[in-house]
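Engineer: turn this into a structure:
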Amino acid sequence: MPPRLTVIGKHSELTAGDVRRLVHLVVGDQPPDRSKAGATVDVRVLQGGYSGLLVALVYAPGRGLFILKGGPTGEIRLEHENRVQFLGSADEWLVNNQLDGIYGPVDVEFRDQSESWSAMAYRYIGSRTYRELADYSEFGGFLQAFALPQTVEGAPPERTVRACLYKVASLLVRNADLQNEEEGRALVDYLPDVDWERDINASLTTAAALWSDIEDLRDFRAWYTEAAAAVRVAPVADRRLIHGDAHLANILVNSVRAEVDLIDFGKGRQAHVFEDLARFEVDLVLHTTPRHAHSGALVQDELLETVNLVGDDDFALRDSPDEPRHRRSLRMWRQELCAVLRGTSLPGAAMMYRWFLLSECLKRIRWVTNNGPVAAGVDMLSLLRMITALRRMLDGHRYAPDTVISTTAEALTLLRCTAAYVPMHGHERLTNEKRNRAKEAALHASAARGASVRITAETGYSYLATRGVFNSRILHLLAAGASLQMVICNPYFLEAYGISASYDPDGRRLGSVVPDRLELHADLARKFEASLRGYEILREEYKSLVEVRLARFGLGATVLLTEQATFFEPYFHASRNRRERVLFDTFELQFEPGGLHMKRLLEETFSFHWNNADAVTDATSLEERCRRARTAVFDAWQATDDR
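Structural biologist: Predicted structure coming up:
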C-alpha cells in the first residue's frame, strides 16, 4: 500500500493528482527495514525558475529529506546521466536510500496536453528544516547573511564562508587543468553563443540611444564580434562536461557543517569551465552588492567598485580584511578559485575569463526583458553598467566609466521619476487633466490604506477650498481615518505679496508691490480666503486629522507626498495671468516611493517648513504682527528706491 502524502503548495501547471503520482513513483517502494506502518510522507512543492518542471522537498520516514525533480522523461534521463558523469559516480547517500534511479514514466497533463514524465532524487543537505524552507535559494541567502547582515552576530563566520566557497570551486572545477593547451583553438570556439536577435541587440541599441555619451554602448554587437574574433588563439584551453547552470539557486549549503552540494544538471554539456565559474561569480556579485532598502535596486557606486575588482588581475593575490563584506566575498571566491584551478595565472587567463563574464551579463538582458528585474535579480541599468565596465576592461582600460549621471533619461531613472507633465502650447488643459488624474489616484490609494498625506502649496486652494479640484479626495481621505498635514504660504507676509506681484509683471497694475498699494491681487486674495474657510470646515468635522500651518519662509514648489507617489511642481515668478487662463503652465514631476534620493529631499523640505510654520488658529494676531513688519520692509524698499 503506497504511503499517505501531505502536500503543501501547488505546481503552476500540474494537477494535484499528477504531483502525487510523480511523488509515489519515488517513495512508493520504501526500504522494508526502514518503513513505518501508517507513516506519512510530507511534500513541499517549491517555486522557482525551473522551466515548468516539478521540484519538491520531500520527507520520507526512514529516508529523511531529499529533493524530488520531475519532468519530461527525456530531460530527466539526460539530467541523471549528466549528474553521474559530472560527479564521476552515483551519490552514496542516494544509493543507500534506494533513490539513485530514474522513476517512471507516467502520463501527466501539462499545458493542456498529455506528456510522459519521470522523476529523480537529489540529496538534501540544507541547514533549514522541512517546515522552514520556502524556496530554493539557500546559498544566495547564506552569502547575503555574511555580506549584508542585519546583525554581525547573526552572520556566518568568515571561515565558514571561505570553506563553502572553496567547496563550490572544487565541485565546479573537478580537477580541470588549464595548462593543458590545445593548439590553434580561437576564443570564439570556447565562448557561449550570444543570441543577439532575442532582445539583447535591441536592448543595447535602445540603451545606446538613451545614453548617447557612453561610447561603450555604441555598435556593441559589432565590437563584440570583431574583438572576440581577433583573439585567434585562446590563452587557456578547456573542454569538459560542465554543470551548465551554476546559479546560487542550484547550490545547497549546510552552514553548520560547511557542506555544499550541486543540484539540477539538466543543462550539462561539453564546454569551457569558465562558463560555470562566470555564472556563479555574476550571481555572487548581484546577491552580495548592497541594495536600497525600499526599492531593492542595487547601489550603483557599490556595484561599480566591486566590478572594478574584476579588472585587477592581481586582486586575488592581495588581502584586504577591512574591506566591505560584499567585496570581501568576491575576493575570497577568487582566492579559493585560484587555489583549486591550476593555470589561472597563465598569460591571458584573466582576460579570457572577463570575456565569459561579459557573455554571462549579456545573457541576463533577456532575463530582465522577459521576467522583470525582481525575478532576474538585477535591474537593466545595473546590468548595462556591468556590461560597459567589462567592455572597457577588455579594451584595455583599468576602470569602469566614471559617469554616474549621463543624460536626462538616466537621471530620471536614477531619481525614479515615472512621469513628467509638461504643458506644451495648445495642450495645457489635457496635460493638466492627466496630472490631476494621477494625483487623484495617489490620494485614493492613501485613503484605501489609511495612510497620511503631506502637502506644501502656495494657497492650498485645490485641496482645501470646497470647490477645489481635489477637495472631494481630501474628504474621502479624512473620512477613511487618514490624516492630512499641509503648509501654505502666509497670506499676510512677503511671500504672498511676491506672488501677487507676479500677476502684474510691470509692477504698476492692481496688486503691485508699491508704497501706494499694499493689497493682494484680487484672485490671490480670493484663493487664500476660500482655502482658509475650507480648512475651518474640515477642522470642524475631522478635528486633529487635518492640520494646516502658515509657512514662515518661502515655498519653492507644490509638493504632494503620498505612499503611492510623490509630486513636485516648482514655482516661477512668471505671469500668473497666463496661468489663470490655461490652468497649467509650469511642469510637474512624479516620483515612485522607491526613489530614495528625491523622497529624502522632499520629506526633509516638508519637515523644515512644517517645523518653521505658524498655526492657522493664531491668524488674527499673526496678521497684525505681519502687517507691521510688512510695512516696515516696504518702507525700507521704498527708501532704497528713492536714493
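Engineer: let me see the contact set for the nearest residue to R391 once chain neighbours are set aside.
Structural biologist: Distances taken as C-beta to C-beta, 6 or more residues apart in numbering place D216 nearest to R391, at 4.8 Å, with adjacent residues excluded. All C-beta atoms are positioned from the backbone trio N, CA, C, and that covers glycine. Taking C-beta atoms under 8 Å, 6 or more residues apart in numbering, we find D216 in contact with T388, R391, R392, D395, P401.
Engineer: neighbour-wise, which one of the residues you listed leads?
Structural biologist: Of all those, T388 has the most neighbours under the rule other C-beta atoms under 10 Å, reaching 24 neighbours.
Engineer: sorry, back to before: in a helix, the residue nearest to R391, correct?
Structural biologist: Yes. Counting by DSSP: H, G, I helix; E, B strand; the rest coil, D216 is located in a helix.
Engineer: now do it against C489, distance only.
Structural biologist: To C489, D216 is 48 Å away according to C-beta to C-beta, to the nearest Å.
Engineer: how about V273?
Structural biologist: With C-beta to C-beta as the criterion, V273 and C489 are 68 Å apart.
Engineer: which of the two has more neighbours?
Structural biologist: Shown here are V273 and C489; by other C-beta under 10 Å, C489 has more neighbours (26 against 23).
Engineer: my read: that one touches E458, true?
Structural biologist: Yes. Between C489 and E458 a contact is recorded at 5.2 Å, counting by C-beta atoms under 8 Å.
Engineer: tell me the SS of T418?
Structural biologist: Applying three-state DSSP: T418 is strand.
Engineer: ok, back up a step: okay, and the common contacts of C489 and E458?
Structural biologist: With C-beta under 8 Å, 6+ apart, C489 and E458 have common neighbours I499, L555.
Engineer: now do the SS call for W117.
Structural biologist: Going by three-state DSSP: W117 is strand.
Engineer: what's opposite it in the beta bridge?
Structural biologist: P72, V106 (DSSP bridges).
Engineer: doesn't F110 make contact with it?
Structural biologist: Yes. Counting by C-beta under 8 Å, W117 touches F110, with 7.5 Å between them.
Engineer: can you give me the strands in the stretch 51-200 of the chain?
Structural biologist: Ranges of strands in the stretch 51-200 of the chain, per DSSP state E, counting those that start in this stretch, are 54-60, 64-72, 103-110, 113-123.
Engineer: check contacts around A442.
Structural biologist: Here A442 is in contact with L560, T562, Q564, A565, F567 (C-beta under 8 Å, 6+ apart).
Engineer: run a quick neighbour tally on A448.
Structural biologist: So A448, with other C-beta under 10 Å, has 14 neighbours.
Engineer: three-state assignment of it?
Structural biologist: helix.
Engineer: and the helices in the stretch 501-643 of the chain?
Structural biologist: 522-542, 576-582, 596-611, 619-642 (DSSP state H, counting those that start in this stretch).
Engineer: deepest of the ones you listed, which one?
Structural biologist: helix 522-542 (a mean of 17; mean count of other C-beta atoms under 10 Å).
Engineer: now, the contacts of D216 that are in helices?
Structural biologist: Under the assignment DSSP state H, these contribute T388, R391, R392 to helices.
Engineer: wait, the second one sits on L358?
Structural biologist: What it means is R391. Yes. Between R391 and L358 there is a contact at 6.9 Å, judged by C-beta under 8 Å.
Engineer: which neighbours do the two share?
Structural biologist: In terms of C-beta under 8 Å, 6+ apart, R391 and L358 are not both contacted by any residue.
Engineer: average pLDDT for stretch 355-362?
Structural biologist: The average of the pLDDT scores along stretch 355-362 is 95.
Engineer: R240 bridge partners, please.
Structural biologist: Beta-bridge partners of R240, counted by DSSP bridges, are A271.
Engineer: which residues touch it?
Structural biologist: Neighbours of R240 in contact, by C-beta under 8 Å, 6+ apart: R174, A176, Q270, A271, V273.
Engineer: pLDDT and distance to Y421 for those - can I get that in JSON lines?
Structural biologist: What follows is the contacts of R240, written out as JSON lines (pLDDT from 0 to 100; distance: C-beta to C-beta, whole Å):
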{"residue": "R174", "pLDDT": "82", "distance to Y421": "59"}
{"residue": "A176", "pLDDT": "71", "distance to Y421": "58"}
{"residue": "Q270", "pLDDT": "91", "distance to Y421": "56"}
{"residue": "A271", "pLDDT": "92", "distance to Y421": "51"}
{"residue": "V273", "pLDDT": "93", "distance to Y421": "53"}
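Engineer: drop anything exposed from those.
Structural biologist: Neighbour counting by 16 or more other C-beta atoms under 10 Å classes R174, A176, A271, V273 among those as buried.
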